[in-house]
Every structure is written in C-alpha cells, then in structure tokens.
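Asker: following is a predicted model, sequence given first.
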Amino acid sequence: MNIMVIYSVIIAVVIITTIYRRRILKPENQNKSWYYNNRVLVALLAMVIIPVITLNVFIPDKENLTPEEAISLGSKYENRNLYLRGLREKAIASPNDIRAQIEYIQEFSYKQTEAEINCNTLINLYGDSEEIHKRMAYEYAMYFCGEKEMNIAYLNTLPDTMAYVNFMKSVYYIQNKRPAEAEVSLLQEERVNPGFEQTYMMLYQMYWLETSDSLQSLMQNRDRSKYLPNQIQNDYHFLNGNWELYFINLLDWRLSGVGLFTFIAAFVISFIWVVFLRTMDMYNREKWRDILIVFVLACFSTFLCLPIYDYARLVANWTLNGDVWNDFMYCTVVIGGGEELVKVIPWILFGIYAKKLREPFDYILYASVSALGFAFVENLMYLEHYENIVVRSIMSTVGHMFDGAIVAYAFIIVRFRMPKDSAWKWLVILGGFVVSMLAHGFYDYWLISPAAKGLSAVTIVFFLLSLRVWFYFKNNAMNHSPFFAGNQKFRITLQQDILTISMVTVLMLQFIFMSLEVGALSAMPTFISGAVYVGIFVVFISVELDNFKLERGVWKRFNLRRKFGSGKLKRLLHYFSNHGYTTQDSRRVVTNLSGLKLRLFAPKTNPYLGDKLPVSGECIRMIEVGGSPDWYVFKLNKPVVFGSYVQDTIIVRNKRSDQSLTEDKVEIYFMFIPYPELLTRSKIAIEELRYAGRVYSRPIE
C-alpha cells in the first residue's frame, strides 16, 4: 500500500483516539464494557479507514481522463496544461468539429511565447490542406498567431449557410475595420449557428461602445444574451434598471450548473450545524418546521446582498484597491453590512409574525439558522472546488453564525436585561448590528484585501476568539431561559459526539468527492491537512463544552481563560493560527526592469480581456502607484480597446511579492489608464486606474 495512505490512516487514528482518550479513561467508564467505552471511537475509525483504503485500492489515480474530463478539471482548477491537453485531444478526435478546433487554437496561443512556435505546431496539426474543415482551422490558426489575415477570397467560396464561415468572415472584417460588414456576418452566423458563444460576444463588443437599439435587442433577449458571460449580463441589466432580467440572471448565474456533490456538501454542512444547535436548545426545543421556514427564507434573502455589491462596484465605483482604509471599510460596510442585513431580515420577520422567540436561546438559534441558510447558498458557489469543504464547514459557516449571533445577543440584552422603558434599546440593537458588521469586515479583510497579503493567520486567531464569544453568548442565553431546568439535560458528551461525528463526516465527504474526481492519491495531501484541521477544531470546541456551566439568572463575564481537564489548553491558539499558512515577506525587492518584453494573456472567463488577449509589449519605465514604486508603464504592440481608456499603454505589476515579472506565468495587475495626461505624473493614486481582471505574463526572449 502507498506510504501516503498508511501515513494518512495513522494521522487520522492518532487524532481521533486523542480526542476520545479522556472519555475512555473517566472513572465512571472504568467498569463498563470495552464496546461501550469505545463504540464512538470504533465508528469514527471505521468512517475514516474504510473509505481511505477502499478508494486507494479502486481509484488510486485518474490518469486516463477523457478529453471532456480533462477540459472540465483543467477549467475548474485553473490547470491550463490539463485544459489544453483536453482541448487538443478533442480537436484531434473530432477533426470535422470546427468549434473544437477554434477553442483549441485560441487556448494554444495563450500557452506559447513566440507566434512562430504557434504556427509551426498548428501547421503540423492542420497542414495547408484543401479539405474544408482543415482549411478553415488552418486559416483561423494562421490569423490567431499573427501570421496573416483571414483569406476572405477562400471564405467567400464557402456557402454562408455553413457554420463558422460567417464568424471567420467577421474576424476578417473587424481586422480590416469594416464593422458594418462584420455585423452582417455575425448576424448570419447567429442564424446559422445560434449556440456559438463567441458570436454574441463579438456582437456585444461592437454594440457596447454606443447606446443603440441593437445592444438593447441583444441584452434583453434571453435566447441571445444567455450566451454572454453572466457578469456582462448582470452589469448591463443593473445599470439599465432591467430588474426582472437582472434577478433572473442572478438566479441562473448562481444556481445553474451546481453539481450534485456540491449540493450534498453544502446541505450536509448546514444540516450538521442545525442539529448541533438544536440539541443545545434543551429547555424548550424548537420545531423542525419553524427552523426550516427560517432556513428557506434565508436562502432566498441571500440574493438580496448581490445588488448591494453591484451598486458599490458599478455606481459608487467602490472596490478593493489595496489601500488599507478603503479595503477595511469596503469589507465592513459593503460585505459586512450587506450580508448581515440580509441575514437578520428572515429571523426577525419570523420572530415578529410567528412570535416564536420565547426564550433568549431562540434568538441565537434562529439567527444562526438564518446564517446557515445564507452559508448554504454561498457554499453552492464555493464548494465546486471540493478541497474547500472542510475549511468552509468550519471557518466560513461558523463565522456567519457568530456574526449573526452578535445582533441576536443585542436583542437578548434589550429584552431580558434592560428596563422595558429604557430609551437606549434601539441604540443597543443598532450597536449590535454595527459590531457584527465590524466583526464580519475584520474577518474578511485579512483574507481578501491585497493590503493584508500574507497576514491571513490574523483571521484564524480572530476566528478562535469568535468561537469563545459565541459560546459565551449561548451560555448566558441559556442561563436566562424562563424554562430553565438546570444542568441535568445538558449532555456534554452528546454535543461532543455530534460535533466530532459531523466533522469527520465532512472530512470524508471531501476526501470521497476529491478521490472520485482526481483520484485518491491526489486527494491524500488535502485529506491529511483536513484531518489535522478537524482534529484541532474538535478539541477546541470540546474545551468550550467542558467549560460550559449553566446557572439560572447569571450573566457571566467574558473570560478568555479556559481549562481542559486538569490543565490548560496550551499552544493551541498558536498552532491552529499557523497551520496550513505560510508567512510571506511583504517587502518587495524593487528592481528596474525597464526594457523587459512580456506577453500578456488572460483566461477566457475574464469578462474584460478574455477575448482581447494575448498581446505583447515592453516595460517602458517605472512609476509609483498607490505609494509603491515598482509599477511599470507598459507599451502594447497592438491596441486593446476598452471603453474610453488609453488603448496602447497600460500600467502593470506582479501581484505576488515573492515573484518577479522575469518569471514564467506570473499573475499581474493589468490596469487601464483613463487619459494619457495621467502618465505625465511621477505618482498615481491606484483608484485612478481601472483593474481589468485576472491576467498573466511571461517574458519574451
């Protein structure tokens, strides 16, 4: 058996047995049967060992991928080599499929450094053949690698009822600045071949620069606009007030194409946390029907935060830009404020109309259920990458519940602690909402802001503190239940068992789904890190449960100190905050690379540049942007048209401080310049430039 498999099983056994060792050794369990003392431990070990061994025996790897599988996995995990391999195999297997040839030719050009390498390779594949499909692919290949124009004379000999002929004609007309003829060809291609996405993208680009009936006709016709990227549809409908189409597009964008495994993972994550919380509601347990109502309402209300993001981006022109204050306020106001607002609406409306909030814990329970509904929909977007399942089941999902619980606790204070006639009630509730925004913003800032690059461990430490506060809220809420019945119903071991079994279930779902997709051996490293992650989290929660003490009518003071059995929880915060993360030096080594020639390319999913790149150019001079001196004015060899921005010059910089523009395939900031006079300055504010999405560079020899 592979050593990685053995190592993984040992890791899992050590973690699980460590978690349960204390319970087995408790005095009250000493005289009980071996099976009684070890039943949960045996079940957990079986849950881990059986799938690990079985999948490593039967699905150790997935080397023999079909072209479609290679394309899907390559696109999903941004593995361009795998994606290109799938396209090539598909093109070779289907020589008469012009679309397959077009997609391969376009992707192939992104992978090479010199145009002549493109041509030589593609000539070997297609040759200068007179066979129609090969000849069409050859013509497109020669155009795309910059060798020559489309042979319009040859294309005119082909029937215009043949798919892709008119598309190639339109490329020639655009190349020769004949937009009217290009439009005619594209419209004919649409009639002949209505499912080809690039036809609609080229029409959109032609119509976009002018407010025309043609653009409106394209965008408001779902049968046509559905072939455009969702982001383009989304932005157009928002800016033009087409709210029905806007929300239809949002639902289609976020929900269509959700895989079965993704849905299962998202549902399991939300369900296990609902079960965990409901078992803590031991004095007056809420009905599943009421919980389901709030959960479903929250799922729908989640979509209300998307217009908030779009307003900030499209109207207020407010996005992350690397400035500390800007990014923190964006994370707090736009992300934190928007998401906490849509999470608070369902459970408050339910509480008002159903009058189900009878005890303090109900506020936290329903606020958390609303957060879980939000997390469920959000996870549908993130869990297509199965390696995210464990992390999102713990950090993101619990983080959402904690933020929602802050507002709920403010309501608890107002209703159960403050005088009924207090004039400060609404101020306390508003303060709770503001604190939840700040907590949400602080959590996100260290993860997503360019200004906090390399400091994501701060979020881990903050998350652990949030867990402590979350249990503090629950303890005080249960202490003031009008149905209080002491500690006799609170079974710590049951809570620990539910949590441990749930987290191991999530871990194994992640491993199984990844194994089915990429093979068990490729999934093992993620399984190991996930096992350690789950183990530390379960131990940490077990500590919180061990210190959970119910006392009628007592408002406990918050205390960071916790005991774990006879000793304290040592080094856990330090270990957990650093696990799985590497600290990168934020200081950049500034080297003048003026004169460096680069080839820039972008994935097709980039809505701004996916169809405009690749393009080459040269670093002209260094310039200071946003206080950083290591940006470059970059002269393009051919213009890139985007709105009214400068077409032949951009500003670039490598994104990661540990990489250099001299390295191969480096992700960069591709920044459009609004007007040429800006380049006369020695210093530029970053918010004056326009970020154009994900772009990569590679040096040209």
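Answerer: Nice, I can see it.

Asker: averaged pLDDT, the helix or strand where residue 535 lies. What do you get?
Answerer: Secondary structure assignment for residue 535, by DSSP states H and E: helix 520-546. Per-residue pLDDT over helix 520-546 has a mean of 85.

Asker: just the buried positions in that helix, please.
Answerer: By neighbour count with 16 or more other CB atoms under 10 Å, helix 520-546 contains the buried residues 520-521, 523-524, 526-546. Where you see a C-beta, it was placed from the backbone N, CA and C, and this is true even at glycine.

Asker: find the nearest non-adjacent residue to the residue nearest the centre of the chain, please.
Answerer: The residue lying closest to the centre of the chain (CA atoms, centre = their mean) is residue 382, at 4.6 Å. Distance criterion CB to CB, 6 or more residues apart in numbering; nearest residue to residue 382, sequence neighbours excluded, is residue 388 at 5.4 Å.

Asker: that neighbour is in contact with residue 378, isn't it?
Answerer: No. Using CB atoms under 8 Å as the test, residue 388 is too far from residue 378 to be in contact (11.2 Å).

Asker: tell me which of those two has more neighbours.
Answerer: residue 378 (19 against 16; other CB atoms under 10 Å).

Asker: dihedrals phi and psi, that one?
Answerer: Residue 378 has phi and psi values of phi -60, psi -40 when expressed as degrees, to the nearest 10.

Asker: quick one: contacts for the nearest residue to it once chain neighbours are set aside?
Answerer: Excluding the flanking residues, the one nearest residue 378 by CB to CB, 6+ apart is residue 302, at 6.8 Å. Going by CB atoms under 8 Å, 6 or more residues apart in numbering, residue 302 touches 342, 373-374, 377-378.

Asker: of those residues, closest to residue 439?
Answerer: Ranked by distance to residue 439 (CB to CB), those are led by residue 374 at 15.1 Å.

Asker: just the element for the closest one, please.
Answerer: Following DSSP H and E, one finds residue 374 within helix 360-382.

Asker: which strands or helices does that helix pack on?
Answerer: helix 243-255, helix 260-280, helix 288-301, helix 338-354, helix 397-416, helix 457-479 (3 or more CB pairs under 8 Å, 6 or more residues apart in numbering; DSSP states H and E).

Asker: swap in 10 Å and give it another go.
Answerer: Where contact means 3 or more CB pairs under 10 Å, 6 or more residues apart in numbering; DSSP states H and E, helix 360-382 is packed against helix 243-255, helix 260-280, helix 288-301, helix 338-354, helix 389-391, helix 397-416, helix 457-479.

Asker: out of these, flag the one nearest residue 366.
Answerer: That would be helix 338-354 among the helices and strands packed on helix 360-382, by CB to CB, at 4.0 Å.

Asker: just give me how far the closest one sits from the chain centre.
Answerer: Centroid displacement of helix 338-354 relative to its chain, using CA atoms, centre = their mean, to the nearest Å, is 25 Å.

Asker: what sits up against stretch 321-328?
Answerer: When contacts are defined by CB atoms under 10 Å, 6 or more residues apart in numbering, stretch 321-328 is touched by residues 318-320, 329-330, 438, 441-442, 444-446, 448-453, 625-628, 669, 685-689, 691.

Asker: can you pull out the strands in the stretch 501-650 of the chain?
Answerer: Remark: strands assigned in the stretch 501-650 of the chain by DSSP state E, counting those that start in this stretch are 563-564, 567-568, 597-601, 615-625, 628-636, 649-654.

Asker: of all these, which lies closest to residue 263?
Answerer: That would be strand 597-601 among the strands of the stretch 501-650 of the chain, by CB to CB, at 33.7 Å.

Asker: what's in contact with the closest one?
Answerer: By CB under 10 Å, 6+ apart, strand 597-601 touches 80, 107, 109-115, 609-610, 612-619, 632, 634-637, 640, 650, 652, 661-662, 665-666, 668, 670, 695-701.

Asker: can you do 7 Å?
Answerer: Contact partners of strand 597-601, identified using CB atoms under 7 Å, 6 or more residues apart in numbering, comprise 110, 113, 613-618, 661, 670, 695-700.

Asker: and the residues you listed, which of them are buried?
Answerer: Buried, going by 16+ other CB under 10 Å: 110, 613-618, 661, 670, 695-699, out of the contacts of strand 597-601.

Asker: now for these: which two are most distant?
Answerer: 110 and 618 (19.5 Å).

Asker: and the helices and strands packed on helix 360-382 as JSON lines, adding distance to residue 39?
Answerer: Below are the helices and strands packed on helix 360-382 laid out as JSON lines (distance: least, CB to CB, whole Å):
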{"stretch": "helix 243-255", "distance to residue 39": "41"}
{"stretch": "helix 260-280", "distance to residue 39": "19"}
{"stretch": "helix 288-301", "distance to residue 39": "27"}
{"stretch": "helix 338-354", "distance to residue 39": "37"}
{"stretch": "helix 389-391", "distance to residue 39": "25"}
{"stretch": "helix 397-416", "distance to residue 39": "27"}
{"stretch": "helix 457-479", "distance to residue 39": "27"}
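
Asker: among those helices, which is nearest residue 61?
Answerer: Evaluated over the helices and strands packed on helix 360-382, closeness to residue 61 peaks at helix 260-280, with 19.0 Å, by CB to CB.

Asker: quick one: the closest one to chain centroid distance?
Answerer: On CA atoms, centre = their mean, the centre of helix 260-280 falls 19 Å from that of its chain.

Asker: mind listing what's buried along it?
Answerer: Buried residues in helix 260-280, counted by 16+ other CB under 10 Å: 261-262, 265-266, 268-270, 272-274, 277-280.

Asker: same thing with stretch 313-320?
Answerer: Residues 318, 320 are the ones in stretch 313-320 that count as buried (16+ other CB under 10 Å).

Asker: which other helices and strands contact whichever helix or strand residue 184 is part of?
Answerer: If you go by DSSP H and E, residue 184 is part of helix 179-192. Under the contact criterion of 3 or more CB pairs under 7 Å, 6 or more residues apart in numbering; DSSP states H and E, helix 179-192 touches helix 165-175, helix 197-208.

Asker: quick one: residue 500 and residue 538 touch, right?
Answerer: Yes. Judged on CB atoms under 7 Å, residue 500 makes contact with residue 538 at a distance of 5.2 Å.

Asker: dump stretch 50-61 to CSV, keeping only the CA atoms.
Answerer: The C-alpha coordinates for stretch 50-61 follow below in CSV (Å, rounded to 0.1, in the frame of the first residue of the first chain):
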residue,chain,number,x,y,z
ILE,A,50,-12.7,2.1,5.2
PRO,A,51,-13.1,4.9,2.6
VAL,A,52,-9.4,5.7,2.6
ILE,A,53,-8.3,2.1,1.9
THR,A,54,-11.2,1.3,-0.5
LEU,A,55,-10.7,4.4,-2.7
ASN,A,56,-6.9,4.0,-2.7
VAL,A,57,-7.4,0.4,-3.9
PHE,A,58,-10.0,1.0,-6.6
ILE,A,59,-9.4,4.6,-7.6
PRO,A,60,-5.8,5.4,-6.8
ASP,A,61,-5.4,7.9,-9.7
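
Asker: how about it: buried residues?
Answerer: For stretch 50-61, using 16+ other CB under 10 Å, the buried residues are 51-53, 55-56, 59-60.
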